[in-house]
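K.L.:
heads up, no residue letters with this:
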């Protein structure tokens with residue numbers, strides 16, 4: 001099982017969903033992935049709904065009432081030991097600070113940046129909350145993937161910022177695997193030419209599922225959308241989807257998982 005109790009610096013450690021209807025989103029994901037939710041009041045008002053699989057925290061969601069123009073989206077968090085230092089370094093490398101460093105009660109410290117290729121990513125300095133307590137298993141996040149229009153720029157930025165290294169794959173399509181401390185830590189790819197120009201670069205979140213055909217059928221019955229037909233990859237079968245509020249993510253039925 002993919003149980004975790006800590007994350008190395010530079011590792012994706014957490015995902016959460018900023019949505020326009022938290023009650024509907026909780027119902028959607030509880031039915032789709034079997035999550036249960038616990039609401040935690042937050043300092044700035046509202047609640048932060050933590051998702052559990054059994055007794056393990058695996059993700060979270062919240063209602064984004066702070067930016068009325070935002071669309072629902074999944075957000076990826078990278079674990080760092082000093083978020084202030086990382087943000088300063090990101091700025092010197094061409095990144096832009098979107099949300100200043102802030103304390104999240106006793107859970108940790110965080111900030112959000114925009115990388116030079118235009119994608120948003122969050123950094124997390126853990127205190128009481130180190131991140132997801134279970135990954136890679138069915139109904140857990142298992143991969144974080146950058147889709148960008150300037151792959152070379154993004155690779156250079158993250159390698160200098162976090163020390164990431166890369167492994168290039170050419171089949172079935174060109175793909176960059178991220179290596180952090182010599183372990184796979186997500187991927188990057190050039191946005192397809194058919195991607196609409198209004199879609200910005202973004203980090204996509206993958207969730208592992210046991211039977212993707214059944215899950216896609218359930219997703220559509222719950223009001224979600226399948227954005228592409230199932231793709232057969234060397235690592236499994238995957239599809240890009242949207243939830244009932246329009247947040248994009250990916251589902252994958254992995255052939256095997258190296259936890």
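P.N.:
Arrived safely. A quick note: this is a predicted structure, and the numbers were derived from the prediction, not measured.
K.L.:
residue contacts, residue 233?
P.N.:
172, 252 (CB atoms under 8 Å, 6 or more residues apart in numbering). No exception for glycine: its C-beta is placed from N, CA and C like everyone else's.
K.L.:
hey, what's it bridged with?
P.N.:
residue 236 (DSSP bridges).
K.L.:
strands of the stretch 151-259 of the chain, residue ranges please.
P.N.:
165-169, 175-180, 183-190, 202-208, 225-226, 231-233, 236-242, 248-254 (DSSP state E, counting those that start in this stretch).
K.L.:
for residue 110, which non-adjacent residue is closest in space?
P.N.:
Nearest residue to residue 110, sequence neighbours excluded (CB to CB, 6 or more residues apart in numbering): residue 124, at 5.3 Å.
K.L.:
could you measure from the one you found over to residue 52?
P.N.:
Distance check for residue 124 against residue 52: by CB to CB, to the nearest Å, it reads 19 Å.
K.L.:
between the two, which has more neighbouring residues?
P.N.:
A count of neighbours by other CB atoms under 10 Å puts residue 124 above the other of residue 124 and residue 52, at 24 against 17.
K.L.:
pull out the buried positions in stretch 212-220.
P.N.:
Residues of stretch 212-220 classed as buried by neighbour count (16 or more other CB atoms under 10 Å): 212, 215, 216, 219.
K.L.:
if I pick the first one, what's in contact with it?
P.N.:
Okay, so that is residue 212. Here residue 212 is in contact with 230, 237, 238, 239, 251, 252, 253 (CB under 8 Å, 6+ apart).
K.L.:
correct me if wrong: the last one contacts residue 206.
P.N.:
No: with contacts counted by CB atoms under 8 Å, residue 253 stays clear of residue 206, the gap being 10.8 Å.
K.L.:
more crowded one of the two?
P.N.:
Using other CB under 10 Å, the more surrounded residue of residue 253 and residue 206 is residue 206, with 23 against 19.
K.L.:
secondary structure element holding the residue lying closest to the more buried one once chain neighbours are set aside?
P.N.:
Nearest non-adjacent residue to residue 206, counting by CB to CB, 6+ apart: residue 143, 3.7 Å away. Residue 143 is located in strand 141-148, with elements delineated by DSSP states H and E.
K.L.:
show me what that strand is packed against.
P.N.:
On a contact count with 3 or more CB pairs under 8 Å, 6 or more residues apart in numbering; DSSP states H and E, strand 141-148 meets strand 12-19, strand 183-190, strand 202-208, strand 248-254.
K.L.:
mean confidence score for it?
P.N.:
In this model, strand 141-148 has a mean pLDDT of 98.
K.L.:
which residues are in contact with that strand?
P.N.:
Here strand 141-148 makes contact (CB under 8 Å, 6+ apart) with 2, 12, 15, 58-59, 76, 117-119, 132, 135-136, 154, 185-191, 195, 201-208, 250, 252, 254, 257.
K.L.:
mind checking how far the nearest residue to residue 21 once chain neighbours are set aside is from residue 149?
P.N.:
Leaving aside its chain neighbours, residue 21 sits nearest to residue 245 (5.6 Å; criterion: CB to CB, 6+ apart). Going from residue 245 to residue 149 by CB to CB gives 26 Å.
K.L.:
same check on residue 31?
P.N.:
35 Å.
K.L.:
now do the contacts for residue 199.
P.N.:
Residue 199 touches residue 191, counting by CB under 8 Å, 6+ apart.
K.L.:
could you point out the helix or strand that follows the helix or strand harbouring residue 88?
P.N.:
Per DSSP H and E: residue 88 is located in helix 83-92. The helix or strand immediately downstream of helix 83-92 is strand 96-104, counting by DSSP H and E.
K.L.:
quick one: contacts of that next one?
P.N.:
In contact with strand 96-104 (CB under 8 Å, 6+ apart) are residues 42, 83-84, 87, 90-91, 109-114, 120, 129.
K.L.:
what subset of the residues you listed is buried?
P.N.:
With burial judged by 16+ other CB under 10 Å, the buried subset of the contacts of strand 96-104 is 83, 87, 90, 109, 110, 111, 112, 113, 114, 120, 129.
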